[in-house]
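S.K.: Need coordinates for the following:
(2 chains)
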Amino acid sequence: DVKVTQSSRYLVKRTGEKVFLECVQDMDHENMFWYRQDPGLGLRLIYFSYDVKMKEKGDIPEGYSVSREKKERFSLILESASTNQTSMYLCASNPPGRSPLHFGNGTRLTVT
Amino acid sequence: TQLLEQSPQFLSIQEGENLTVYCNSSSVFSSLQWYRQEPGEGPVLLVTVVTGGEVKKLKRLTFQFGDARKDSSLHITAAQPGDTGLYLCAGARSSGSARQLTFGSGTQLTVLP
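M.R.: As a prediction, this is how the structure comes out:
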């Protein structure tokens, strides 16, 4: 089975801190994604990557950046955390094409 | 703009009842996926429907893709507490881009014993 692992289940950070969310997948998938999930809003795409060092903005990239130095690892970076970035963050991966997404278990980030 | 509207947003029913969840859009999708998310976990794929009018069954769950590929429904027969979770539909466009899926806002289902 595909395994997508997010390094932290829960994070509490202060406003202005730089925050790193890490995601690793073990199935050699080309595509990796970062979503945020908020009640009533579903999943909104922040960034995705279709290859090492390649990235594209999703629907809500403001305040975020990403890094993909290795195929299996996709990092989400909050340069200066703000309270409106308190959310559940989900990482996902899939092979090329319209294959279903495989999700990690999420990181619940609280910014105080 | 939310391209996929799910209804109802919340649903609480007794064990043994039937229910239907709807996923509607004004856009045409090449395929539509349904996911279920349980507390503390990421969404897990239940089914993908591809052809207009297609019906797929997964035990007590029946999924249908609209003829025009703009809408879908999920029907659960004789719901059980284990069906409790957040149900998400996600439509895929035919653009071929890796930016593939548009998610609905979700339906939170609670099945009471």
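S.K.: which parts of chain A sit against chain B?
M.R.: A:4, A:9, A:30-31, A:35, A:40-45, A:48, A:50, A:56, A:58, A:90, A:92, A:94, A:96, A:98, A:100-101, A:103-106 (Cβ under 8 Å from any Cβ of the partner chain). To be clear about C-beta, it is placed using only N, CA and C from the backbone, and glycine gets the same treatment.
S.K.: Give me the below-cutoff pLDDT ranges for chain A.
M.R.: Applying pLDDT under 70 to chain A flags the ranges A:1-2, A:98.
S.K.: for chain B, same thing?
M.R.: Using pLDDT under 70, chain B drops low at B:1-2, B:94-100.
S.K.: Flag every residue of it that's near chain A.
M.R.: B:2, B:4, B:6, B:9, B:30-31, B:33, B:40-45, B:48, B:88, B:90, B:92, B:98-101, B:103-106.
S.K.: which among the residues you listed end up buried?
M.R.: Buried subset of the residues of chain B next to chain A (neighbour count, 16 or more other Cβ atoms under 10 Å in any protein chain shown): B:4, B:6, B:31, B:33, B:42-43, B:45, B:48, B:88, B:90, B:92, B:98-101, B:103-106.
S.K.: From residue A:26, how far off is the residue lying closest to residue B:28 once chain neighbours are set aside?
M.R.: Closest residue to residue B:28 apart from its sequence neighbours, by Cβ to Cβ, 6 or more residues apart in numbering or on different chains: residue B:69 at 5.1 Å. According to Cβ to Cβ, to the nearest Å, residue B:69 and residue A:26 sit 34 Å apart.
S.K.: Tell me which of the two has more neighbours.
M.R.: More crowded of residue B:69 and residue A:26, by other Cβ atoms under 10 Å in any protein chain shown: residue B:69, with 21 against 12.
S.K.: Leaving out the residues flanking it, which one is nearest to the residue of chain B found nearest chain A?
M.R.: Nearest to chain A in chain B, going by Cβ to the nearest Cβ, is residue B:42, at a distance of 3.0 Å. Distances taken as Cβ to Cβ, 6+ apart place residue A:103 nearest to residue B:42, at 3.0 Å, with adjacent residues excluded.
S.K.: Over to residue B:27?
M.R.: Residue B:27 sits nearest to residue B:3 (Cβ to Cβ, 6+ apart), 5.5 Å away.
S.K.: same question, residue A:41
M.R.: Nearest residue to residue A:41, sequence neighbours excluded (Cβ to Cβ, 6+ apart): residue B:105, at 6.1 Å.
S.K.: Please give me every residue in contact with residue A:100.
M.R.: Neighbour list for residue A:100: A:94, B:33, B:45, B:48 [criterion: Cβ atoms under 8 Å, 6 or more residues apart in numbering or on different chains].
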